[in-house]
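Undergrad: What shape does this take:
(one chain, ligands or ions: 1)
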Amino acid sequence: MTEWWKKSTVYQIYPRSFMDSDGDGIGDIQGIISKLDYLAELGVDVLWLSPVYDSPNDDNGYDIRDYQKIMSEFGTMDDFDQMLQGIHARGMRLVMDLVVNHTSDEHVWFTERPDYYIWKNEPNNWRSFFSGSTWQFDEARQQYYLHLFSKKQPDLNWENEELRDEIYQMMRWWLDKGVDGFRMDVINMISKDQDFPDGIEGDGTPHFFNGPRVHEFLQEMNAKALADYDIVTVGEMPGATTEDAKLYTGSERNELNMIFTFEHMNLDEGPSGKWELQPLHLPDLKENLEKWQVELFGKGWNSLYWNNHDQPRIVSRFGNDGPYRKESAKMLATCLHFLQGTPYIYQGEELGMTNVAFSSIDEYRDIETLNMYQEKRAQGIPHEELLESIHAKGRDNARTPMQWDASENAGFTKGEPWISVNPNYPDINAADREEEDSVFNYYRKLIALRKDLDVITEGEFNLLHRADEEIFAYTRKTADEQLTVYCNFSETPREVPLPKGRLLIGNYPDSALQETIGLRPYEALCFYDKDRKVKE
Ligand code: ISL
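TA: Next up, the predicted model:
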């Protein structure tokens with residue numbers, strides 16, 4: 001089996017916010033085509049597109065009406081084919097988003113094939129990810145249907161074999177067109193406990209995260225839809241543990257190549273969930289990433305990410321989006337990209353784009369945010385408190401338009417953007433990428449290093465300075481190569497011992513290396529030592 005995806009870096013595009021070619025304020029496929037040279041310049045190997053299928057956009061395309069049609073706002077199938085060709089011509093690959101836990105309620109199946117969905121006479125107490133119950137009463141059928149997400153996203157009934165075969169056929173249709181893989185939306189939720197028991201305080205997740213038949217379904221999908229193609233697959237899996245991950249990604253298991261864990265994204269929240277803000281305690285992050293690095297070593301494969309279209313911007317979250325924005329953006333990139341796994345960059349991350357803080361709820365667009373706001377306001381929680389959570393955690397932080405240049409609307413559109421541009425675009429945009437110290441250039445170097453040095457792909461991970469609350473440091477070792485990475489997650493200057501090897505990359509223009517290293521605010525340094533055995 002070719003494992004090109006182990007040396008690849010993936011770049012995620014959220015098409016709605018990437019580049020608008022026709023002035024309607026919504027990003028589109030021709031917009032993406034116009035930026036393929038930019039992506040090739042960055043050096044990424046694989047592009048992952050958030051959904052571009054026909055959709056009424058209740059959840060920006062994650063509610064699919066027709067799996068084999070392109071969303072009219074984004075263009076046509078001809079545009080798609082042209083884009084795919086343009087991507088391949090530049091030596092890159094394309095991964096599609098596969099959303100098959102649910103469809104839109106406007107999908108033709110919802111009326112014509114009710115047996116493809118999940119119906120009950122009585123709802124249980126499960127609560128939706130997007131607030132309220134997971135059950136919606138349907139007048140025509142006089143029954144409730146299940147929707148883990150919005151009521152316009154009814155869950156598919158994976159117990160139905162005919163449905164599964166239709167999905168596999170649709171997947172083959174895209175693969176035959178030449179796409180190079182799938183990112184599978186909430187794919188560990190497709191198998192539900194068929195007793196549908198109530199959850200504790202409405203939490204149904206133990207009854208559908210990594211459910212009873214999920215491995216059987218994925219092995220079937222692999223055999224019927226994936227095995228004949230040289231592709232990459234990544235499963236989005238909230239609530240998957242490292243034990244689950246070994247089953248999903250073990251090479252003998254014929255399921256998926258890798259999964260997205262959520263554990264490291266949940267460390268800065270309180271017991272009630274993402275909106276309950278809690279500062280990150282760095283040792284928790286180190287311990288968690290260590291667990292995934294060590295436990296999957298030789299047994300599975302990690303995906304590495306700080307950002308995506310659902311997460312706030314990492315530089316605002318774990319870094320410093322004020323005076324040390326560039327330094328901390330590069331430090332966070334260093335910390336992630338020298339780990340074992342396949343790194344994912346989310347559009348704008350390579351520019352150090354930051355969170356946005358709209359002052360009015362009317363400026364927000366995301367259904368999760370808006371539903372939560374409405375529900376909690378009705379419970380009497382003050383506007384200011386909710387806005388504070390939204391500023392820190394809302395998904396729209398990631399969805400403001402890509403900042404291309406300092407012209408109006410950051411060069412994203414000639415029209416009125418569907419969501420406001422982050423007002424900091426005159427200072428933070430892609431036009432400065434030519435400058436030697438740009439965040440973009442730094443990402444470009446990291447991407448190139450991954451291709452050159454096998455130790456990045458293969459080396460064993462060892463955490464250093466475990467209890468330190470400001471420094472994240474580790475080594476990666478193979479028989480003859482060693483990397484030592486130091487990252488200062490704080491503004492406080494620190495001294496650490498100088499490791500063996502030469503300085504491979506650092507995020508300050510000059511680095512003071514003597515007997516010890518003086519790590520400046522948010523400084524990151526990576527040292528490389530070859531023929532380690534001989535020297536030791
Ligand atoms: O974003 C979340 C928490 O803030 C998650 O609950 C998120 O909804 C979950 O990770 C699933 O995400 C995926 O499926 C959703 C879609 O809204 C997300 O954009 C997608 O990434 C439903 O399709």
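
Undergrad: what helix or strand is residue 499 on?
TA: Using DSSP states H and E, residue 499 is not contained in any helix or strand.

Undergrad: so what's it up against?
TA: By CB atoms under 8 Å, 6 or more residues apart in numbering, the residues touching residue 499 are 475, 484, 527, 529. No exception for glycine: its C-beta is placed from N, CA and C like everyone else's.

Undergrad: out of the residues you listed, who's nearest the ligand?
TA: residue 475 (32.1 Å; CB to the nearest ligand atom).

Undergrad: Model confidence for the closest one, exactly?
TA: We have a pLDDT of 98 for residue 475.

Undergrad: now residue 511
TA: Per-residue pLDDT puts residue 511 at 67.

Undergrad: And residue 57, by the same measure?
TA: pLDDT, read off for residue 57, is 98.

Undergrad: residues contacting the residue lying closest to it once chain neighbours are set aside?
TA: Spatially, and ignoring its direct neighbours in sequence, residue 57 is nearest to residue 63 (7.2 Å; CB to CB, 6 or more residues apart in numbering). By CB under 8 Å, 6+ apart, the residues touching residue 63 are 55-57, 99, 102-106, 149-150, 152-153.

Undergrad: Now list the buried members of those residues.
TA: Neighbour-count burial (16 or more other CB atoms under 10 Å) applied to the contacts of residue 63 gives 55, 57, 99, 102, 103, 104, 105, 106, 149, 150, 152, 153.

Undergrad: which of those residues lies closest to the ligand?
TA: The nearest member of those to the ligand, counting by CB to the nearest ligand atom, is residue 149 at 4.4 Å.

Undergrad: wait, doesn't that closest one sit right on residue 131?
TA: No - if you go by CB atoms under 8 Å, residue 149 and residue 131 don't touch, sitting 10.4 Å apart.

Undergrad: quick one: residue 30 from the ligand, how far?
TA: Computed as CB to the nearest ligand atom, to the nearest Å, the residue 30 to the ligand distance reads 24 Å.

Undergrad: Tell me, how many residues neighbour the nearest residue to that residue once chain neighbours are set aside?
TA: Sequence neighbours aside, residue 21 is the residue nearest to residue 30 in space, at 3.7 Å (criterion: CB to CB, 6+ apart). Neighbourhood size, residue 21 [other CB atoms under 10 Å]: 18.

Undergrad: on that earlier part again, which ones among the buried ones among the contacts of residue 63 map onto helices?
TA: If you go by DSSP state H, these have nothing in helices.

Undergrad: Make CSV from these and add distance to the ligand to it.
TA: Shown next, in CSV, are the buried ones among the contacts of residue 63 (distance: CB to the nearest ligand atom, whole Å):
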residue, distance to the ligand
55, 11
57, 11
99, 6
102, 7
103, 10
104, 10
105, 13
106, 15
149, 4
150, 8
152, 11
153, 6
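
Undergrad: Identify, from those residues, the entry nearest to residue 17.
TA: Distance ranking of those against residue 17, using CB to CB, places residue 57 first at 12.9 Å.

Undergrad: residue contacts, the closest one?
TA: Neighbouring residues of residue 57 by CB under 8 Å, 6+ apart: 63, 71, 73.

Undergrad: re earlier: most surrounded residue in the contacts of residue 499?
TA: Using other CB under 10 Å as the neighbour criterion, residue 484 leads those with 24 neighbours.

Undergrad: Make sure that one is actually in contact with residue 527.
TA: Yes - judged on CB under 8 Å, residue 484 makes contact with residue 527 at a distance of 4.5 Å.

Undergrad: what is in contact with the two at once?
TA: The contact sets of residue 484 and residue 527 overlap at 499, 500, 501 (CB under 8 Å, 6+ apart).

Undergrad: Report pLDDT for the first one.
TA: As predicted, residue 499 sits at a pLDDT of 91.

Undergrad: which bits of the chain sit near the ligand?
TA: 59, 62, 99, 129, 149, 185-186, 236, 238, 274, 309-310, 368, 395 (CB under 6 Å from any ligand atom).

Undergrad: Please indicate which of those are buried?
TA: 59, 62, 99, 129, 149, 185-186, 236, 238, 274, 309-310, 368, 395.

Undergrad: Would you list the phi and psi of the residue of the stretch 301-450 of the chain found nearest the ligand?
TA: Nearest residue of the stretch 301-450 of the chain to the ligand, counting by CB to the nearest ligand atom: residue 310, 3.6 Å away. Main-chain dihedrals, residue 310, degrees, to the nearest 10: phi -110, psi -10.

Undergrad: From the rest of the structure, what touches stretch 17-28?
TA: Applying CB under 8 Å, 6+ apart, the contact partners of stretch 17-28 are 14-16, 30-35, 73-75, 79, 347, 399-402, 404, 412-419.
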